[in-house]
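> I'll drop the sequence and a predicted model, then ask my questions.
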Amino acid sequence: MSSALVWFRRDLRADDHTALHHAMTEHEQVWCVFVIDPADPARPVASGAVDFVRAALIALDRRLARDGGGLILCQGTTCEVLARLAQRLQVQQVVANRDYGPAAQALENAVARTLATVGVRWCSYKDQVIFEHTEISTQAGTPFSVFTPYKNAWLRRLDEHAVHALRLADCTTRRDRLAPPPHDLQHASILVENHPAGEVLALGRGAGSALPQDSAAAGTSAGTAAALTRLDDFLQRIDRYRELRDFPALAGTSGLSTDLRYGTVSIRHLVRAACARRSAGAETWLAELIWREFFFMILAEHPRVVEGAFHRQYDRLSFVNDPLHWSAWCAGATGYPIVDAAMRQINSTGFMHNRLRMIVASFLVKDLGIDWRTGARYFATHLTDYDLAANNGGWQWAASTGCDAQPYFRIFNPVRQSLKFDPNGQFIRRFLPELAAVPDQWIHAPWLMPAADQAASKCVIGRDYPAPIIDHAEARLQTLARFAAARA
Ligand SMILES: Cc1cc2nc3c(=O)[nH]c(=O)nc-3n(C[C@H](O)[C@H](O)[C@H](O)COP(=O)(O)OP(=O)(O)OC[C@H]3O[C@@H](n4cnc5c(N)ncnc54)[C@H](O)[C@@H]3O)c2cc1C
């Protein structure tokens with residue numbers, strides 16, 4: 001009887017799952033495994049991510065168990081675990097869906113080599129993107145470095161493929177091929193539930209909150225059913241996405257980034273949902289899903305961007321890196337309310353709205369003169385939806401070091417951004433209770449508030465809320481000079 005082992009990675013669902021689909025189609029018996037590897041750089045780190053993955057593993061195991069299967073949970077070095085388990089189960093093949101960061105690629109290569117030494121075949125599949133980096137290229141056959149032509153080429157290719165062809169053949173009839181964990185290996189759900197977070201999946205436990213409480217994207221529940229509920233809710237609002245998506249106080253976005261990060265819903269399902277809608281809002285949302293693939297493409301084609309600027313000249317950019325400014329940014333105590341509210345959001349919920357990610361990243365690099373890599377690492381340990389490709393792309397965009405990035409001379413003014421995207425200070429007040437009674441007129445720049453108003457609103461600057469740690473206009477000039485030096 002031919003048999004296979006499916007290695008689950010960032011694809012924690014049982015439906016519309018490419019590797020599982022192939023395993024069930026091509027083999028008569030199929031086991032499923034998730035490996036907790038302390039050395040795997042792609043493991044969840046932020047505590048919200050750890051909690052999300054724990055819950056998603058339980059949901060996945062239960063879903064597989066409904067069809068007579070289950071999820072085996074192993075801890076150890078991925079290569080050793082997979083080789084040992086493959087031999088123990090006597091499978092002919094191990095299969096998985098591909099990941100695209102340099103470390104993930106290196107791990108896949110090592111797995112393939114290790115399995116070969118024990119005579120087990122290896123196969124990996126495209127699953128977490130519609131088009132891999134090699135599938136969309138310029139007429140000259142080179143990778144794109146500008147988003148809009150990439151998006152147009154992506155959309156043309158999607159037309160050629162036809163959206164309905166994105167659906168995997170239904171393999172419900174093959175579900176009886178799923179095998180439960182052998183008697184001496186427990187179901188993942190039992191293991192996860194019986195061990196506190198400190199023991200299971202907490203290997204990379206970093207900073208951040210407990211389960212996110214506040215965000216639209218927060219995984220208050222994880223797993224495919226929860227992801228589909230979030231999608232259903234968003235589909236009621238998708239037509240207004242274009243107008244609402246930039247306002248952090250409103251539920252304008254989908255909140256699906258953690259689901260996409262850990263694959264509790266398939267990208268094919270989301271693209272089909274967006275294409276079925278045919279509204280301006282859905283079109284804009286689809287473009288965000290294409291940004292996601294654009295950054296996967298950039299990472300796969302230019303792995304050096306993990307640590308270096310996409311535009312090499314900006315590796316010469318000098319930074320100030322003042323430790324006091326860094327601490328103030330992290331704590332949400334810069335004196336700029338929109339920046340501080342955003343930082344308190346990430347610190348307390350594990351999520352930050354996209355507009356705010358752009359604002360705080362720009363502020364860190366272009367107002368405080370702190371290296372974008374330091375900020376990117378902070379996000380990596382605090383965001384529940386942390387994803388190397390999107391995070392690196394977002395930081396390099398804001399820092400103007402990336403491809404198709406914000407031009408270096410465009411420097412967000414934090415007060416104007418605040419006025420435009422949180423006009424009544426609704427978001428600011430939610431995360432900065434010390435500013436709750438500050439009148440709308442002063443909420444974006446409270447240091448300008450007359451002393452009498454400060455006293456009346458119980459927000460004395462320097463006592464209840466910090467004075468700004470830098471002068472934006474001055475910092476702007478210094479940043480332009482540092483960019484000019486790097487470009488010279
Ligand atoms: C500095 C910075 C860091 C970021 N770090 C991450 C990260 O670690 N993980 C992450 O998933 N996104 C990251 N983003 C992109 C974006 O902020 C989040 O994807 C978005 O806020 C998630 O909320 P949502 O699911 O409601 O998004 P929606 O607006 O509903 O978008 C739908 C999906 O499209 C994708 N998407 C949207 N915008 C982008 C984008 N600019 N780049 C790539 N993909 C995008 C996400 O998968 C998102 O879930 C970052 C952006 C910036 C500026």
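Here it is on my side, so go on.
> what about residue 487, how many residues close to it?
12 (other Cβ atoms under 10 Å). Any C-beta I mention is one placed from the backbone N, CA and C, and that applies to glycine too.
> Please disregard the earlier target; I meant residue 442.
20.
> Report the contact partners of it.
For residue 442, the contact set (Cβ atoms under 8 Å, 6 or more residues apart in numbering) comprises 448-449, 453.
> tell me which element residue 95 falls in.
If you go by DSSP states H and E, residue 95 is part of strand 93-97.
> Give me the contact list for the next helix or strand after that strand.
Sequence order places helix 102-117 as the next helix or strand after strand 93-97, per DSSP H and E. Residues from elsewhere that reach helix 102-117, judged by Cβ under 8 Å, 6+ apart: 7, 9, 40-42, 78-80, 82-83, 86, 94, 96, 98-99, 121-122, 124, 299-300, 303, 306.
> buried residues in the worst-scoring helix or strand of the chain on mean pLDDT?
Least confident helix or strand of the chain, by mean pLDDT, DSSP states H and E, is helix 188-194 with a mean of 79. Buried residues in helix 188-194, counted by 16 or more other Cβ atoms under 10 Å: 188-189, 191-192.
> Which residues does that helix contact?
Under the criterion Cβ under 8 Å, 6+ apart, residues 34, 54, 57-58, 60-62, 65, 70-73, 200-201 lie in contact with helix 188-194.
> The same query, at a cut-off of 7 Å, please.
By Cβ atoms under 7 Å, 6 or more residues apart in numbering, the residues outside helix 188-194 that reach it are 34, 54, 57-58, 61-62, 71-73, 200.
> Can you show me the strands along the stretch 151-300 of the chain?
Remark: no strands are assigned in the stretch 151-300 of the chain by DSSP state E, counting those that start in this stretch.
> Flag every residue of it that's near the ligand.
For the stretch 151-300 of the chain, the residues in contact with the ligand (Cβ under 6 Å from any ligand atom) are 216-217, 245, 253-257, 260-261, 288-289, 291-292, 295.
> Quick check: PyMOL command selecting the buried ones in the residues you listed.
Restricted to buried positions by 16+ other Cβ under 10 Å, the PyMOL selection for those reads:
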select buried, resi 216+217+245+253+254+255+256+257+260+261+289+291+292+295
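> give the contact list for the residue lying closest to residue 247 once chain neighbours are set aside.
If the residues on either side of it in the chain are set aside, residue 247 comes closest to residue 421, at 5.7 Å by Cβ to Cβ, 6 or more residues apart in numbering. Residues in contact with residue 421 (Cβ under 7 Å, 6+ apart) are 246-248, 355.
> State the distance from residue 421 to residue 393.
Distance, residue 421 to residue 393, using Cβ to Cβ, to the nearest Å: 21 Å.
> how many neighbours does the closest residue to residue 457 other than its chain neighbours have?
Spatial nearest neighbour of residue 457, excluding adjacent residues (Cβ to Cβ, 6+ apart): residue 437 at 4.0 Å. Close neighbours of residue 437, defined as other Cβ under 10 Å, add up to 12.
> Check the secondary structure at residue 437 for me.
Assigned with DSSP: H, G, I helix; E, B strand; the rest coil, residue 437 falls in the coil class.
> surely it meets residue 454?
No - Residue 437 is not in contact with residue 454 according to Cβ atoms under 7 Å; the separation is 10.4 Å.
> looking at it, residue 280 is touching residue 242, isn't it?
Yes - at 5.4 Å, residue 280 counts as touching residue 242 under the criterion of Cβ under 7 Å.
> So for those two, which residue has more residues nearby?
Neighbours were counted for residue 280 and for residue 242 using other Cβ under 10 Å; residue 242 has more, 17 against 13.
> Hmm, that one is touching residue 281, no?
Yes - under the criterion of Cβ under 7 Å, residue 242 makes contact with residue 281 at 4.9 Å.
> Could you dump the contacts of helix 188-194 into a markdown table with secondary structure, neighbour count and pLDDT added?
Shown next, in a markdown table, are the contacts of helix 188-194 (DSSP: H, G, I helix; E, B strand; the rest coil; neighbours: other Cβ atoms under 10 Å; pLDDT from 0 to 100):
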| residue | secondary structure | neighbour count | pLDDT |
| --- | --- | --- | --- |
| 34 | strand | 22 | 95 |
| 54 | helix | 22 | 91 |
| 57 | helix | 27 | 94 |
| 58 | helix | 20 | 93 |
| 61 | helix | 29 | 95 |
| 62 | helix | 17 | 94 |
| 71 | strand | 28 | 96 |
| 72 | strand | 25 | 95 |
| 73 | strand | 23 | 92 |
| 200 | coil | 20 | 55 |
